[in-house]
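1. Coordinates only, no sequence provided:
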């Protein structure tokens, strides 16, 4: 749809004009992951073991901090209500926002993750599994995350509320993502976990496209 | 019944009943001015008419059909300019209007025409961030000139506008009405348009008993 | 449009049911405690500390049951717009959170003498911990908005998203825990449980449910009356 592409194009252009923001998200991702060795000691065996978990937890935090970007600014300057009045159906609006969010957070984390893998001395053959898991899991985080963001539009303490609401919902993605890498590390197939992540993504799509518009309608219905 | 009408509308904002039993009928080519003190519900009513909110009671009808059941068709026929600019501060005037045009299926020629309508050419390449409130409002209003629409809903459009821009706005509205369009405008000031209807929201303010009953 | 559909009727109904629910709750819980703490046998391994399960297990059941109640109420509220449904969801949340907390604490107290630690990363216990945070988020949403009705609607949407995620969370946490801890920790599933142990559990479970109903009625009544008071206050302020 031309309108959908126009919206995605505009949002990407806006993010590019403020490209500091997604880059700060990546920096936070790296920083969070780099703090752990200071906390648990530089024992390479231990770090190698906990590396997948660290990457995933840091990814969750980085994503959660970027969830205000898709809707809150639009809500504040009135562009959200303008978008709601266009020919674009709300589910497609939510899809567009999720896509732009993933392109400017999840995807960047996938690209930055190898840096962390190197520092934690993660065995090279595990890296593809980790990246594939992140590639499948981060879109789920974007989809569920923007639903949470949409429900908190106009809330008084939105920035604290979003992590509280989103992180419990993210737990399954975290678990499956880490299990995939750990399976590969023990010589077991990672496929079942990756397939479950893919299934989760297929489930998250209709859920987000149903709940997201409902949340947006509530946010716009200020009466 | 053809045309745009409201029947027995009631609306809440927060837990306050703003108005009830509100009716009007607006024929083609006519304008309706919403008047009333601040907080009386002008913005809420406009949002109801746009279909952004749902009323507590009553209906908004277009050609006898409740807009709640035909939301997409209703969206396609209206333009809404609210309190908030509805524009991205990081984009330039041209980019904003070009984006709006793409959403409406209008071309580049429409963008140029709209900018000329509000004398925006000198500001074209500036990001909205650096424009004054009045200039930003002109860009927001320029949207109206991009493509025709049957219904315009304007919430205090002349705020921050200088006299020349205000005159341009009313000229544009006049042309819209002459072409058979309808206009509902919330305003504190004068609306120099022919055949203007007035709706005073104070006339529909609820009595004490009704307010309590509606909320409990 | 139903505005607190017949609150008068609801209030009368609540007043009629309440004493029965409260009485039933008290009776069943006392009976359950007697059966569990005194009459039922001690475990040959764990001794008397197994008796904690008579509070822990029903509390865990209620933690889930309350969340399902909230989800159902949220669904009714969003689809049929019945205003009382929002209030039921709002009223049930802290009670459900309370049961969840009790389940967690009793689980912890049970764990200490049995496995020597205050916390065990058992699949079930960990899922309940995540559920606790779902409750906290739900409660937070109601007070997060200036307009209470907006808070109700936001909470309803997230409750439904949460309930869809709940089995997924449970499944993934269970899988995570079994892959990391091959030995199963809690062993009291289903039909293998001895009737002497089952009866107190069921009685406690029913007692908790009656308690939930009683507290729910009290809290919803409170919400309805508060809404009325707020409306009166606003009107009298001439607003």
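-> On my side now, so go ahead. None of these values were measured; they are calculated from a predicted model.
2. check which helix or strand covers the one residue sitting closest to the centre of chain C.
-> Geometric centre of chain C, nearest residue: residue C:96, 2.6 Å, by CA atoms, centre = their mean. Secondary structure from DSSP states H and E places residue C:96 in helix C:83-115.
3. Lowest average confidence across helices and strands of chain B, where is it?
-> helix B:208-215 (a mean of 62; mean pLDDT, DSSP states H and E).
4. Residue A:1 contacts residue A:92, doesn't it?
-> Yes: counting by CB atoms under 8 Å, residue A:1 does reach residue A:92; the two are 6.8 Å apart. All C-beta spots, glycine's among them, are computed from the backbone N, C-alpha and C.
5. Please identify the buried residues of stretch A:44-53?
-> For stretch A:44-53, the neighbour count (16 or more other CB atoms under 10 Å in any protein chain shown) marks A:47-48, A:50-53 as buried.
6. show me the contacts for residue B:150.
-> Contact analysis of residue B:150 by CB atoms under 8 Å, 6 or more residues apart in numbering or on different chains lists B:77-78, B:180-182.
7. how about the residues of chain C that lie near chain A?
-> Proximity of chain C to chain A, by CB under 8 Å from any CB of the partner chain, involves residues C:78, C:130, C:133-134, C:136-137, C:140-141, C:144-147, C:150-151, C:153-154, C:157-158, C:160-162, C:164-165, C:168-169, C:171-173, C:175-176, C:179.
8. Could you pull out the buried residues of the longest helix seen in chain A?
-> Using DSSP state H, we find that the single longest helix of chain A is helix A:191-220. Neighbour counts over helix A:191-220 (16+ other CB under 10 Å) mark A:193-194, A:196-197, A:200-201, A:204-205, A:207-220 as buried.
9. Which ones among those also lie next to chain B?
-> Applying CB under 8 Å from any CB to the buried residues of helix A:191-220, those adjacent to chain B are residue A:220.
10. from the contacts of residue B:150, which would you call buried?
-> Applying 16+ other CB under 10 Å to the contacts of residue B:150, the neighbour count classes B:77-78, B:181-182 as buried.
11. ok, these vs chain A, which is closest?
-> residue B:78 (7.1 Å; CB to the nearest CB).
12. Who are the contact partners of the closest one?
-> So residue B:78 contacts A:85, B:50-51, B:149-153 (CB under 8 Å, 6+ apart).
13. tell me the secondary structure for residue B:25?
-> Following DSSP: H, G, I helix; E, B strand; the rest coil, residue B:25 is assigned to strand.
14. ok, now residue B:194?
-> Of the three states, residue B:194 takes coil under three-state DSSP.
15. same check, this time on residue B:9
-> Residue B:9 - assigned by three-state DSSP - is strand.
16. Report the contact partners of it.
-> B:19-23, B:45, B:48, B:55, B:57-60.
17. May I have the beta-bridge partners of it?
-> Counting by DSSP bridges, residue B:9 is bridged to residue B:22.
18. So which residues of the chain form helices?
-> All of this refers to chain A. According to DSSP H, the helices that chain A contains are A:2-17, A:20-40, A:44-65, A:72-77, A:79-84, A:90-104, A:106-119, A:127-151, A:158-185, A:191-220.
19. That was the other one, I meant chain C.
-> C:7-33, C:53-79, C:83-115, C:123-143, C:148-180, C:195-236.
20. among these, which is nearest residue A:152?
-> helix C:148-180 (6.9 Å; CB to CB).
21. ok and the residue in chain B nearest chain A?
-> Nearest residue of chain B to chain A, counting by CB to the nearest CB: residue B:84, 2.8 Å away.
22. and residue B:146, how many neighbours?
-> 24 (other CB atoms under 10 Å in any protein chain shown).
23. residue ranges with poor pLDDT in the chain?
-> This is for chain A. By pLDDT under 70, the low-scoring segments of chain A are A:222-223.
24. that's the wrong chain, I wanted chain B
-> B:1-2, B:208-216.
25. Which residues of it lie near chain A?
-> Contact residues (CB under 8 Å from any CB) of chain B with chain A: B:11-13, B:18, B:44, B:47-48, B:50-56, B:72, B:75-76, B:78, B:80, B:82-91, B:95, B:99, B:102-105.
26. thought residue A:66 was touching residue A:22?
-> Yes: the pair residue A:66 / residue A:22 is scored as a contact, 7.2 Å apart, by CB under 8 Å.
27. thinking again about what came up before, quick check: which of the helices of chain C is nearest to residue A:131?
-> Smallest distance to residue A:131 across the helices of chain C (CB to CB): 20.5 Å, for helix C:148-180.
28. In that closest one, which residues are buried?
-> Those would be C:148-166, C:168-177, for helix C:148-180 by 16+ other CB under 10 Å.
29. do stretch C:33-42 as well
-> C:33, C:35-36, C:40.
30. ok, residues contacting that stretch?
-> Contacts to stretch C:33-42, defined as CB under 8 Å, 6+ apart, come from residues C:48, C:50-51, C:54-55, C:196-197, C:199-201, C:203-204.
31. Of all pairs in those, which one is the farthest apart?
-> C:48 and C:203 (18.9 Å).
32. who has more neighbours, the two?
-> Using other CB under 10 Å, the more surrounded residue of residue C:48 and residue C:203 is residue C:203, with 22 against 10.
33. Check the burial of the residue lying closest to that one once chain neighbours are set aside by counting its neighbours.
-> Nearest residue to residue C:203 in three dimensions, chain neighbours excluded: residue C:32, at 3.8 Å (CB to CB, 6 or more residues apart in numbering or on different chains). Burial of residue C:32 is recorded as 23 neighbouring residues (other CB under 10 Å).
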